[in-house]
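[1] Sequence first, predicted model second:
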Amino acid sequence: MTSVSELCDLCGKISDLRLSASDMFDFYFDLPLWFRLVLQGTIVILVLFPLAAACSMAERKISAWIQGRPGPNRTIPPFLAWIPGINIIRNLGLFQLAADGGKFTFKEDPVPGNVNKFYFILAPILSMIPALSTIAFVPFGAYFKTLADGTRELTPIILANTDLGLLAVFAVSSLGVYSLILAGWASNSKYPFLGGVRASAQLISYELSMTLSILPVFLWVNAPGGEGTLSLFNVVQTQSQPGFLGGMWYIFLMPLSAFIFLTALFAETNRQPFDMPESESDLVGGFHTEYGAFKWSLFFVAEYAHMIVGSGIFCLLFLGGWNPLPWVTLADTANLLGIAGIPLLMGLLGITLFLGKVGFFIFFFMWVRWTLPRFRYDQVMNLGWKKLLPLSIANLIFYAIAIAVKDLYFPNL
Amino acid sequence: MATITVERKPLSFLERTYIPNVVAGLTTTFKRMIKPTETLQYPEQRPAIPTGYRGVPTLVNDPNGREKCVSCQLCEFVCPPKAIRITPGEIANDDPNAHVEKRPKAFEIDMLRCIYCGLCQEVCPEEAIFLQNQYSMTGYTRAEMVNDKARLYELGGTLPDQHYKWDKKKSAAEAASHGGHH
């Protein structure tokens, strides 16, 4: 709750705003907390949503390049064509992306006659909620915060820096499957229904191996006796310590965990070769058969947002988050470049490095999609239950013993 | 022994993990990705037309500028979809080409009917109609899709001639009238 005087205070601050960085920071940090949180959340969503939409164009371009085509490269508003160098943007299909967005927004959005209207409209909205809210628990950079006593503390750039971290991400992101089930059920049609059933079966089976595969990481991170945490920032911190083991990324330490997690990630985000719920060759379009226009595009923005968050978590857990190279931390790099004292630059550096890794994984997802054929449904189930699940349990047991042995006999390694 | 039973080798452990094959597939697609594209940017780039291509049927002139068609109407009769309409016309006596039998007064090919079979070219005794390189015909109305005589000659142009049949006939007739060998 803000009182009138507080609002007046705010207006006063806006009026004597000067264009000095430190003044801007002071101004920002003097804003009421609720206002800052709303602002941060809005900005993150305003970045994530278009980024997810841009993934659709990336997908089209990558599929085109793999198939020896140039991809969408024609669209340009005629009144912009005179600008020199604009053909680069045109060849990348960015105007096509804008045109697609406009089309999806403004075209007629029919609701078929036999559907359950309430749930039919609810489903795409529900799909957006977990997709956009999981990002709250994902840190995407870090900077040095100068404390009152003059010492510096590495602080994550994150919306909600909780100890829950990964658990919250898993809890919220698995809600995403409800939208698929709801869409399949509300459509009142065979193919969407089968798609919804497949979505539920597949997501449940792969969630198990996904969760089990990352347990070794947290066994390793949480030393016995210490305070237990599932915070993703903490995982990155443990990958940025001095020493051979301290600076090592977990993909080298636990390659099998990374492999199982990545495979399960493909299944969880409904990507080929595991896109059973969609499966356009045998289910027409799966859960979104009856959807069109904006509601359809919402499902896809949600899918891409899941991909972005999923890749982000993979990078944080196994690829050292915002650290540029194994054994080279962000803090070292910032010190080397002399920007450790400038939070803005250091934060941007961290975000850039992190987004670069995430971008590579988005590319990898698409690369795999246009390489591998889709598994049959029974093969997906076999792979999930009979191969990945035992493998992840064996992996967990192996690392539990290995970590116990290390802690007992080589505590100083 | 009509059927041959092929021994199917059991998959090795590595093959059953899918990993080597997935990696091989990813390598293939990545190589493909960094190669230049195969496609033609159509309106700007045009495909190379192979010889013997059967494009839009056209009428041609001989190198003397004479229209070769003598409106014998064989193409009209042979045309399977009946796309050709010819109205034969006389040639005036004072015309430099008066020694030629006839020429078409009107010659229309309906490109909405034409099936590009090339029978008209094959049947033509005068080598006057050719299916040439033009492959795209567009129009806003049905009437626009009917090529009339002027358009057919414009599309056809002039092709080299090996026979000069009517010139030979003319000189033979002239030789005969000057008291030839018979």
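    That came through fine.
[2] got any ranges where the chain has weak pLDDT?
    Unless you meant another one, I'm taking chain A. Segments of chain A classed as low confidence (criterion: pLDDT under 70) are A:1-22, A:24, A:224-226, A:412-413.
[3] my bad, chain B
    Looking along chain B with the criterion set at pLDDT under 70, you get B:1, B:179-182.
[4] give me that answer again for 80
    Counting by pLDDT under 80, chain B has low-confidence residues at B:1, B:17, B:97-99, B:177-182.
[5] What residues does it have near chain A?
    B:22, B:25-26, B:28-30, B:32-33, B:35, B:37-39, B:41 (Cβ under 8 Å from any Cβ of the partner chain). Where you see a C-beta, it was placed from the backbone N, CA and C, and this is true even at glycine.
[6] So which bits of stretch A:208-223 are buried?
    By neighbour count, with 16 or more other Cβ atoms under 10 Å in any protein chain shown as the criterion, the buried positions of stretch A:208-223 are A:208-222.
[7] now, which of those lie within helices?
    By the criterion of DSSP state H, membership of the buried residues of stretch A:208-223 in helices covers A:208-221.
[8] Which one (most neighbours) among the residues of chain B next to chain A?
    Neighbour counts for the residues of chain B next to chain A peak at B:Thr29, which has 19 neighbours (criterion: other Cβ atoms under 10 Å in any protein chain shown).
[9] A:Glu153 belongs to a helix, doesn't it?
    No - with the criterion set as DSSP: H, G, I helix; E, B strand; the rest coil, the secondary structure at A:Glu153 is strand rather than a helix.
[10] For the nearest residue to it once chain neighbours are set aside, give me the backbone phi and psi.
    Sequence neighbours aside, A:Lys145 is the residue nearest to A:Glu153 in space, at 5.2 Å (criterion: Cβ to Cβ, 6 or more residues apart in numbering or on different chains). Dihedral angles phi and psi of A:Lys145 (degrees, to the nearest 10) take the values phi -100, psi 130.
[11] Might you report the residue contacts of A:Lys145?
    Applying Cβ atoms under 8 Å, 6 or more residues apart in numbering or on different chains to A:Lys145 gives the contacts A:152-155, A:343.
[12] can you rerun that using 7 Å?
    A:152-153, A:155, A:343 (Cβ atoms under 7 Å, 6 or more residues apart in numbering or on different chains).
[13] and residue 97, how many neighbours?
    By default, I'm working from chain A. Neighbourhood size, A:Leu97 [other Cβ under 10 Å]: 20.
[14] right idea, wrong chain: chain B
    Other residues within reach of B:Asn97, judged by other Cβ under 10 Å, total 15.
[15] Residue 173: neighbouring residues, count only.
    With no chain named, the answer covers chain A. By other Cβ under 10 Å, 23 other residues sit near A:Ser173.
[16] other chain: chain B
    When neighbours are defined as other Cβ under 10 Å, B:Ala173 has 12 of them.
[17] Also A:Ile125?
    One way to gauge burial is a neighbour count; for A:Ile125, by other Cβ under 10 Å, it gives 13.
[18] Same question for A:Phe287.
    Other residues within reach of A:Phe287 by the criterion other Cβ under 10 Å amount to 32.
[19] repeat for B:Pro125
    Summarising burial for B:Pro125: neighbours were counted as other Cβ under 10 Å, giving 10.
[20] Need the three-state assignment for B:Pro81.
    B:Pro81 carries the three-state label coil when classified by three-state DSSP.
[21] which ones are touching it?
    B:113-115.
[22] and the stretch 1-150 of chain A, which residues reach chain B?
    Taking Cβ under 7 Å from any Cβ of the partner chain as the criterion, the neighbours of chain B within the stretch 1-150 of chain A are A:65-66, A:68-70.
[23] which two in those are spaced the farthest apart?
    A:Ile66 and A:Pro70 (12.1 Å; Cβ to Cβ).
[24] higher neighbour count, those two?
    Legend: neighbour count by other Cβ under 10 Å for A:Ile66 and A:Pro70, higher for A:Ile66 (19 against 16).
[25] give me phi/psi at that one?
    Main-chain torsions, A:Ile66, degrees, to the nearest 10: phi -70, psi -30.
[26] again with A:Leu175
    According to degrees, to the nearest 10, the main-chain angles of A:Leu175 amount to phi -70, psi -20.
[27] Output the ones in helices among the buried residues of stretch A:208-223 in a markdown table; the columns should cover distance to B:Met145.
    Putting those into a markdown table (distance: Cβ to Cβ, whole Å) gives the following:
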| residue | distance to B:Met145 |
| --- | --- |
| A:Leu208 | 64 |
| A:Ser209 | 62 |
| A:Met210 | 61 |
| A:Thr211 | 65 |
| A:Leu212 | 67 |
| A:Ser213 | 64 |
| A:Ile214 | 66 |
| A:Leu215 | 71 |
| A:Pro216 | 71 |
| A:Val217 | 69 |
| A:Phe218 | 72 |
| A:Leu219 | 75 |
| A:Trp220 | 74 |
| A:Val221 | 74 |
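[28] Could you let me know which of these ends up closest to chain B?
    Top of the list for closeness to chain B, among those and by Cβ to the nearest Cβ, is A:Ser209 at 14.8 Å.
[29] State whether A:Gly196 and A:Tyr178 are indeed in contact, as I suppose.
    No - in terms of Cβ atoms under 7 Å, A:Gly196 does not count as a neighbour of A:Tyr178; the distance is 9.8 Å.
[30] the more surrounded of those two?
    Neighbours were counted for A:Gly196 and for A:Tyr178 using other Cβ under 10 Å; A:Gly196 has more, 25 against 19.
[31] Would you mind naming the helix or strand containing the closest residue to the more buried one other than its chain neighbours?
    Leaving out its chain neighbours, the residue that sits closest to A:Gly196 by Cβ to Cβ, 6+ apart is A:Gly184, at 2.0 Å. When secondary structure is defined using DSSP states H and E, the element that contains A:Gly184 is helix A:176-186.
[32] So which other helices or strands are in contact with that helix?
    For helix A:176-186, the elements it packs on are helix A:117-133, helix A:190-221, judged by 3 or more Cβ pairs under 7 Å, 6 or more residues apart in numbering or on different chains; DSSP states H and E.
[33] Point to the residue nearest the middle of chain B.
    In chain B, the C-alpha closest to the average C-alpha coordinate belongs to B:Leu131, at a distance of 2.2 Å (Cα atoms, centre = their mean).
[34] Tell me the buried residues in whatever helix or strand A:Ile88 lives in?
    Element membership of A:Ile88 [criterion: DSSP H and E] is helix A:86-91. Neighbour counts over helix A:86-91 (16+ other Cβ under 10 Å) mark A:Arg90 as buried.
[35] what do you get for stretch B:126-141?
    Burial within stretch B:126-141, assessed by neighbour count using 16+ other Cβ under 10 Å, is assigned to B:126-133.
[36] what's the closest of these to chain A?
    Of the buried residues of stretch B:126-141, the one sitting nearest to chain A (Cβ to the nearest Cβ) turns out to be B:Asn133, at 25.5 Å.
[37] Closest residue of the stretch 1-150 of chain A to chain B?
    Closest point on the stretch 1-150 of chain A to chain B, by Cβ to the nearest Cβ, is A:Gly68, at 3.9 Å.
[38] looking at this, A:Glu108 is in a strand?
    No - according to three-state DSSP, A:Glu108 belongs to no strand; its state is coil.
[39] Next, format the buried residues of stretch B:126-141 as CSV and append secondary structure.
    Putting the buried residues of stretch B:126-141 into CSV (three-state DSSP) gives the following:
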residue, secondary structure
B:Glu126, coil
B:Glu127, coil
B:Ala128, coil
B:Ile129, strand
B:Phe130, strand
B:Leu131, strand
B:Gln132, coil
B:Asn133, coil
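[40] Give me the spatial nearest neighbour of A:Ser279, chain neighbours excluded.
    Of all residues beyond its chain neighbours, the one nearest A:Ser279 is A:Gly286 (5.3 Å), with distances taken as Cβ to Cβ, 6+ apart.
[41] In this structure that neighbour contacts A:Val197, no?
    No - taking contacts as Cβ under 7 Å, A:Gly286 lies outside contact range of A:Val197: 10.1 Å.
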